[in-house]
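Engineer: Everything below, folded, please.
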Amino acid sequence: MARTYHKRKRGAGRHVQLPEYLQATEAWATLKPGPRALYIELKRRYNGRNNGHIILSHREACKALNVHRNTVGSWFTELEARGFITMTQGPHLGPSGVGMAAHWALEELPTIDGKPAIKSFTAWRAKQKPCTKSVHPRHNDCDTSNEKGAQRAEPVLKIVT
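Structural biologist: Predicted structure coming up:
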């Protein structure tokens, strides 16, 4: 007996896919939760045909992520610095004086103008702190005015009667 409840079902719906190679990079592993959420929001707006023309303004991002509008700007900068996204068109005033949001491209996917995926986040490395020589601290009783070879003055004991 055939069941008819599958009649209107057309698939699982839209979803955001984060590939394993992206999650295995050092750039993703050291990324804080805020920029990760912003990247997922940018990827959510990717529909398979609009890479390079993904529109997400700071105000839309702060509403979608439920954070203050001043917080999101540094997250965009961090994602750009690590090589996850690039700005293909900067924010500007339109012909009628209304502000136009920036256009973004995900670097893990090819853009619509035929440019291949750059994937520069795979080469990103955390900056190492420079190694310093271990310097032993000076003792408090050291006399800095004595030079090499000079003898220290012995303490004098006074007997008071």
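Engineer: so what's P110 up against?
Structural biologist: With contact set as Cβ atoms under 8 Å, 6 or more residues apart in numbering, P110 has these partners: N51, P116, A117. To be clear about C-beta, it is placed using only N, CA and C from the backbone, and glycine gets the same treatment.
Engineer: Apologies, that question was intended for R69.
Structural biologist: Residues near R69 by Cβ under 8 Å, 6+ apart: H58, R59, C62.
Engineer: Nearest residue to the second one in space, please, no chain neighbours.
Structural biologist: When the adjacent residues along the chain are set aside, R59 lies closest to R69, with 6.0 Å between them (Cβ to Cβ, 6 or more residues apart in numbering).
Engineer: Put the alpha carbons of the longest helix belonging to the chain into PDB.
Structural biologist: In the chain, taking DSSP state H as the definition, the longest helix is helix 69-82. Below are the C-alpha coordinates for helix 69-82, written out as PDB (Å, rounded to 0.1, in the frame of the first residue of the first chain):
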ATOM      1  CA  ARG A  69      26.400  47.500  16.200                       C
ATOM      2  CA  ASN A  70      29.900  48.600  17.300                       C
ATOM      3  CA  THR A  71      30.800  45.000  17.900                       C
ATOM      4  CA  VAL A  72      30.300  43.700  14.400                       C
ATOM      5  CA  GLY A  73      32.900  45.900  12.600                       C
ATOM      6  CA  SER A  74      35.900  44.300  14.300                       C
ATOM      7  CA  TRP A  75      34.500  40.800  13.500                       C
ATOM      8  CA  PHE A  76      34.400  41.700   9.700                       C
ATOM      9  CA  THR A  77      38.000  42.900  10.000                       C
ATOM     10  CA  GLU A  78      39.100  39.800  11.800                       C
ATOM     11  CA  LEU A  79      37.500  37.500   9.200                       C
ATOM     12  CA  GLU A  80      39.100  39.500   6.400                       C
ATOM     13  CA  ALA A  81      42.500  39.400   8.100                       C
ATOM     14  CA  ARG A  82      42.400  35.600   8.500                       C
END
